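Asks: Predicted structure and sequence below. I'll ask about it afterward.
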Amino acid sequence: MPHFLDINKTAPSDLRSMIDNARRIKDARNGRPKGATDAEQPLAGHMVALIFEKPSTRTRVSFDVGVRQMGGQTMTLSGADMQLGHGETIADTARVLSRYVDMIMIRTFEEATLLEMAEHATVPVINGLTNRTHPCQIMADIMTFEEHRGPIKGRKVVWSGDGNNVFASFAHAAGQFGFDLVFTGPPPLDPEMVFVEEARAKGVSVTIERDPFKAVEGADLVVTDTWVSMHDPQSARERRHNQLRAYQVNEALMARAKPDALFMHCLPAHRDDEATSAVMDGPHSVIFDEAENRLHAQKAVMRWCLGL
């Protein structure tokens, strides 16, 4: 079953095909009204279940719009609707949904929920986010970099901040797409070393540099993410701000990267915390192209899952 669970679980040739197809899909929409359906309707007659245990803006809208533009229909289910694993088992839910829909996208907390869903579903399952990884976001990020700067292979990407689920998928992508990755952040927020070691085993450089100004020297791309989660208590928010203040992406930090370096943030952002407004709205920033490309990249992922 062609699930899209993580970047490291998908062949590099398939990942490349998805990125190239996403570019083609985006180009084909040039000049068309935003709400118009695509000229191609590969999902006509298909129903896609969108499950959100975790709230979302970009993931929900981009998947919903993407399915509809390709001629399909969506059924959106919240955690309250499903109560996954608290009544009916996840395995039985997967079996039942597979009788009704053609594909399942799930945005959840625990990776185990995603994996159990995929194990028992008889339709493709897409990882819309877990606490460990966020592969759809990184597919959009790769697409965005390449449409601005060409192939990402051999480039230097620097992540500043928390070694979270988005960084984990960047590490997966480093190994699959062949770019070097630097993490700069405080030791308590280091990424899981399993992600780092797996990428290194594929022949790319993944390093940890505590000094953010050294880390970004020669960077082609600087990336950050929000310092706090919507679920963090106030005490955790204050602690993280204290830990991460030195890793804010500001104009002084970007000045140490390459002159044509790009800046990305997957949004939502807390402006003037993890990144200044001057950077987010400045000449290096491609954050809104990045947000748009979630739509196009995920269309390509869905088409790959369904063999369309």
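Replies: Right, received. Where do you want to start?
Asks: Could you pull out the helices in the stretch 51-200 of the chain for me?
Replies: Along the stretch 51-200 of the chain, counting by DSSP state H, counting those that start in this stretch, helices occupy 58-69, 79-82, 90-100, 111-120, 135-149, 165-177, 193-201.
Asks: I'd like these written out as a markdown table, with mean pLDDT added.
Replies: Putting these into a markdown table (pLDDT from 0 to 100) gives the following:
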| stretch | mean pLDDT |
| --- | --- |
| helix 58-69 | 97 |
| helix 79-82 | 77 |
| helix 90-100 | 96 |
| helix 111-120 | 97 |
| helix 135-149 | 98 |
| helix 165-177 | 98 |
| helix 193-201 | 98 |
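Asks: Tell me which of the ones you listed sits nearest to G218.
Replies: Among those, helix 135-149 comes nearest to G218, with 13.9 Å by CB to CB. To be clear about C-beta, it is placed using only N, CA and C from the backbone, and glycine gets the same treatment.
Asks: just checking, what packs against that closest one?
Replies: For helix 135-149, the packing partners by 3 or more CB pairs under 8 Å, 6 or more residues apart in numbering; DSSP states H and E come out as helix 12-28, strand 125-129, helix 165-177, strand 262-265, helix 287-306.
Asks: Include distance to M117 when you put these into TSV, please.
Replies: Output for the helices and strands packed on helix 135-149, formatted as TSV (distance: least, CB to CB, whole Å):
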stretch	distance to M117
helix 12-28	21
strand 125-129	5
helix 165-177	17
strand 262-265	29
helix 287-306	14
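Asks: Can you add mean neighbour count and distance to Q41 and give these back as a markdown table?
Replies: Output for these, formatted as a markdown table (neighbours: other CB atoms under 10 Å; distance: least, CB to CB, whole Å):
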| stretch | mean neighbour count | distance to Q41 |
| --- | --- | --- |
| helix 12-28 | 17 | 12 |
| strand 125-129 | 26 | 20 |
| helix 165-177 | 25 | 30 |
| strand 262-265 | 25 | 31 |
| helix 287-306 | 23 | 11 |
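Asks: Mind checking these for the one nearest to Q243?
Replies: Nearest to Q243, of the helices and strands packed on helix 135-149 and by CB to CB, is helix 165-177 at 15.1 Å.
Asks: who's in contact with the closest one?
Replies: 6-8, 10, 12, 15-16, 129-135, 137-138, 141-142, 152-153, 157, 159, 179-181, 183, 191-192, 195-196, 198-199, 201-204, 206, 223, 225, 266 (CB atoms under 8 Å, 6 or more residues apart in numbering).
Asks: give me that answer again for 7 Å
Replies: Residues external to helix 165-177 that are found in contact with it (CB atoms under 7 Å, 6 or more residues apart in numbering): 6-8, 12, 15, 129-135, 137-138, 142, 152-153, 157, 159, 180-181, 183, 191-192, 195-196, 198-199, 202, 204, 206, 223, 225, 266.
Asks: hmm, which helix or strand of the chain has the shakiest average pLDDT?
Replies: When each helix and strand of the chain is scored by mean pLDDT, DSSP states H and E, helix 79-82 comes last, with a mean of 77.
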